[in-house]
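What follows is a predicted protein model with its sequence.
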Amino acid sequence: MKVGKTLLDDPACTKSTAFTREERIRFGLRGLLPYDVASISKQKERALENMRRKNNNIEKYIFLSALLDRNQRLFYRTMIDHMEEILPLVYTPTVGEACKEFAHIFRRPQGLYITPEDRGGIEGVFGNWPEKDIRVIVVTDGERILGLGDLGANGMGIPIGKVALYVACAGIQPAHCMPVMLDVGTNNQSLREDPLYLGYPFARLEGEAYLSLVDEFVRAVQTRFPKALIQFEDFLTPNAFSFLDNYGTEVRCFNDDIQGTAAVTLAGVYTSCRITKKKFSDLTIMFLGTGSAAGGTAELMVAAFRAQGLGEQQARERLWFIDRKGLVVSTNENIKPRIQPYAHAHVPCDFVDAIADIKPDVLIGATGVAGTFTEQVVRQMAAVNERPVIIALSNPTSHTECTAEEAYRWSDGRVIFASGSPFEKVCYKNQCYEPAQGNNAYIFPGIGLGVCVSSARLITPNMFLSAAKVLSNLVTEEEIAKGAVYPSLMRVREVSREIAKAVCQVAMKEALVDEELPENLEEYIRSFMYDPNY
Ligand SMILES: NC(=O)C1=CN([C@@H]2O[C@H](COP(=O)(O)OP(=O)(O)OC[C@H]3O[C@@H](n4cnc5c(N)ncnc54)[C@H](OP(=O)(O)O)[C@@H]3O)[C@@H](O)[C@H]2O)C=CC1
Ligand SMILES: CC(=O)C(=O)O
Ligand SMILES: [Mg+2]
């Protein structure tokens with residue numbers, strides 16, 4: 001039992017000024033706190049006031065990070081109750097800036113670091129982590145952080161941010177989560193030359209040396225934290241796909257950029273059909289970019305088309321890719337294996353001509369490169385569709401394929417638009433639109449919650465397919481009327497709970513659970529969810 005200053009300084013246990021008079025006596029806190037006994041609501045107001053007086057987002061990020069270090073329950077209560085304001089500070093876009101600055105704004109370590117010097121001893125390193133019952137591990141090696149490239153150990157901001165979302169958006173207990181940086185070096189020379197850089201200051205480990213370290217990490221998780229799921233995050237695409245192929249059918253893991261993104265994008269497309277009145281099974285979809293996010297989304301789209309009765313080949317024929325050279329056609333050379341199934345017979349042509357010719361209903365961008373949805377591209381989508389659907393997935397905001405304002409203006413207000421990072425309301429020609437945020441934040445927390453609740457042995461494609469359906473079905477008619485293809489972020493805990501329920505159902509159907517789950521799944525899931533209060 002902690003008492004006195006030790007209790008006050010423990011972020012998981014402290015209530016700070018909310019300790020009652022009786023508790024102040026019982027825990028040896030008399031004189032250590034000002035007179036007022038505050039409620040968590042009053043503390044939250046103070047926290048918000050302090051946060052809002054910071055005049056830029058990175059300062060707000062630093063403030064919030066310090067609040068988490070000081071008082072976990074207050075941080076999460078504030079985040080949950082002010083999700084729309086705080087999510088963009090803890091997560092994209094601000095987390096991108098925070099990662100770039102990570103070594104310079106660093107205060108206290110908040111995650112676990114593994115370097116090549118830990119080879120052979122990763123299990124021992126796990127033993128140093130203060131919590132023993134880990135259920136959720138978010139791991140990156142920092143090589144593809146958002147659309148920002150190789151940020152080495154600075155990429156730790158991403159697992160920390162995603163863990164905060166697991167807790168706030170799905171109610172996973174903070175003590176059950178562990179952010180991990182597999183710091184295998186960086187090929188970003190400017191980072192290695194930065195005197196304040198905190199990571200392993202050498203070139204990236206490659207080949208067998210790299211793969212065997214990742215393998216030791218995965219195996220050590222199975223031994224030390226057998227209940228944990230591993231979320232692979234922001235790995236370079238070839239590694240991302242290969243880990244999913246190697247481990248996805250063996251251990252409890254998934255890749256968020258491939259699978260979480262796919263589910264949120266599919267959900268947006270499902271919802272768009274409620275607006276355009278088109279049948280999902282009739283859609284043609286075009287992707288710009290051939291990486292993890294686009295490739296993963298295409299795979300889930302094929303499954304979604306198949307679920308509606310299309311054959312494998314028929315489903316693939318609905319999907320088209322654009323790479324740096326233009327339309328990916330069957331006569332191209334060096335097509336990536338994952339994209340090969342979508343390289344159809346067609347004359348080679350550029351992006352705009354491809355839209356004019358193929359007339360996609362939906363355009364999805366996952367390039368990490370700003371401005372790749374040019375005015376001509378958006379205008380062409382608007383020329384072939386009464387209501388073009390455009391999803392610009394890339395993060396952070398500075399890397400988005402086009403801004404919301406551009407999408408509405410260039411389509412004369414007809415676009416159904418979503419973007420990876422949030423945009424403010426756009427008013428164009430006397431009408432205001434609320435752009436939707438197509439981000440895997442709607443998906444992975446619920447997937448994780450469902451897996452934790454069910455102890456499913458594996459995380460399967462059907463879980464993501466179900467999650468997409470659930471997410472889309474939760475969009476209300478009122479939200480649709482505002483042009484939104486996702487529910488409000490203020491409802492994200494409800495979204496996560498419903499996705500978790502669907503995950504449990506898939507897990508039972510696919511015989512991935514050892515014990516039958518209770519019939520009243522909703523109540524059961526609710527009972528798992530952390531709802532911070534004193
Ligand atoms: N909204 C969300 O929830 C998510 C968003 N993302 C975002 O998506 C982006 C991409 O991520 P990911 O797929 O993992 O990254 P990858 O690096 O795997 O993919 C990027 C792809 O874009 C291609 N590309 C780059 N520039 C151009 C260009 N000018 N024209 C055509 N293609 C181009 C690259 O081509 P090449 O192969 O030739 O290099 C590559 O195929 C990132 O910004 C990330 O933040 C990712 C996951 C989730
Ligand atoms: C959102 C996310 O996972 C990404 O941009 O990589
Ligand atoms: Mg990611």
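Noted; the coordinates are in hand. Residues are numbered from 1 along each chain as shown. Ligands and ions are numbered 1, 2, ... in the order given.

And Ala418, which helix or strand is it part of?
strand 416-419 (DSSP states H and E).

Hmm, I typed the wrong one, I wanted Leu67.
Using DSSP H and E, Leu67 falls in helix 57-70.

just to revisit the earlier point, so how far is the strand holding Ala418 off the chain centroid?
The chain centre lies 17 Å from the centre of strand 416-419; the measure is CA atoms, centre = their mean, to the nearest Å.

Now do the strands in the stretch 151-300 of the chain.
Using DSSP state E, counting those that start in this stretch, the strands of the stretch 151-300 of the chain run over 177-182, 229-232, 253-255, 285-288.

anything in the longest one near ligand 2?
No - applying CB under 6 Å from any ligand atom, one finds strand 177-182 out of contact with ligand 2, separated by at least 13.9 Å. In short, each C-beta sits where N, CA and C put it, glycine included.

Please list the residues outside that strand that contact it.
Strand 177-182 is contacted by residues 110-114, 129, 131, 134-142, 153, 155-156, 159-160, 162-163, 166-167, 199, 213-214, 217, 225, 228 when judged by CB atoms under 8 Å, 6 or more residues apart in numbering.

For it, give the mean pLDDT please.
Averaging pLDDT along strand 177-182 gives 98.

Determine the number of other residues adjacent to the residue nearest to Gly142 when sequence neighbours are not counted.
Once flanking residues are discounted, Gly142 sits nearest to Gly155: 2.9 Å by CB to CB, 6 or more residues apart in numbering. Neighbours of Gly155 under the rule other CB atoms under 10 Å: 29.

ok, Gly155 - contacts?
99, 102, 140-143, 145, 181, 234.

picking up where we left off before, of the contacts of strand 177-182, which count as buried by neighbour count?
110-114, 134-142, 153, 155-156, 159-160, 162-163, 166-167, 199, 213-214, 217, 225, 228 (16 or more other CB atoms under 10 Å).

Which ones among those lie within helices?
Counted as lying in helices by DSSP state H, out of the buried ones among the contacts of strand 177-182, are 159-160, 162-163, 166-167, 213-214, 217.

which SS class is Val302?
Put simply, Val302 is helix when judged by DSSP: H, G, I helix; E, B strand; the rest coil.

How many neighbouring residues does the residue nearest to it when sequence neighbours are not counted have?
If the residues on either side of it in the chain are set aside, Val302 comes closest to Ala315, at 4.5 Å by CB to CB, 6+ apart. Other residues near Ala315 come to 21 when the count uses other CB under 10 Å.

tell me the contacts of the closest residue to ligand 1 within the stretch 1-150 of the chain?
Closest residue of the stretch 1-150 of the chain to ligand 1, CB to the nearest ligand atom: Gly147 (2.8 Å). Shown in contact with Gly147 (CB under 8 Å, 6+ apart): 367-369, 394-396, 399.

what residues does the stretch 201-350 of the chain put near ligand 2?
234, 256-257.

ok, and of the residues you listed, which contact ligand 1?
Filtering these for proximity to ligand 1 (criterion: CB under 6 Å from any ligand atom) leaves Asp257.

which among the residues of the stretch 201-350 of the chain next to ligand 2 end up buried?
Of those, these count as buried by 16+ other CB under 10 Å: 234, 256-257.

rewinding a little: just give me the closest of the contacts of Gly155 to ligand 2.
Closest to ligand 2, out of all of the contacts of Gly155 and judged by CB to the nearest ligand atom, is Asp234, at 5.3 Å.

That closest one - nearest residue in space that isn't next to it in sequence?
That would be Thr140: by CB to CB, 6+ apart, it lies 4.6 Å from Asp234.

Hmm, that neighbour is touching Ile160, no?
No - the criterion here is CB atoms under 8 Å, and Thr140 misses it with Ile160 at 10.2 Å.

Going by proximity to ligand 2, name the top residue of this structure.
Asn395 (3.7 Å).

what's the spacing between that residue and Gln340?
27 Å (CB to CB, to the nearest Å).

How about Val378?
For Val378 relative to Gln340 (CB to CB), the value is 29 Å.

which of the two has more neighbours?
Ranked by neighbour count (other CB under 10 Å), Val378 and Gln340 place Val378 first, with 25 against 12.

and the strand or helix carrying the more buried one, is it in reach of ligand 1?
Using DSSP H and E, Val378 falls within helix 375-384. No - Helix 375-384 stays clear of ligand 1 (CB under 6 Å from any ligand atom), getting no nearer than 10.7 Å.

and if you look at stretch 429-444?
Yes - Stretch 429-444 comes into contact with ligand 1 (CB under 6 Å from any ligand atom), by way of 438-440.

Ok, stretch 260-273 next?
Yes - against ligand 1, stretch 260-273 shows contacts by CB under 6 Å from any ligand atom at 261, 264.

same check, this time on stretch 153-162
No - applying CB under 6 Å from any ligand atom, one finds stretch 153-162 separated from ligand 1 by no less than 9.9 Å.

Between the two ends of that stretch, how far is it?
One end of stretch 153-162 sits 16 Å from the other (CA to CA, to the nearest Å).
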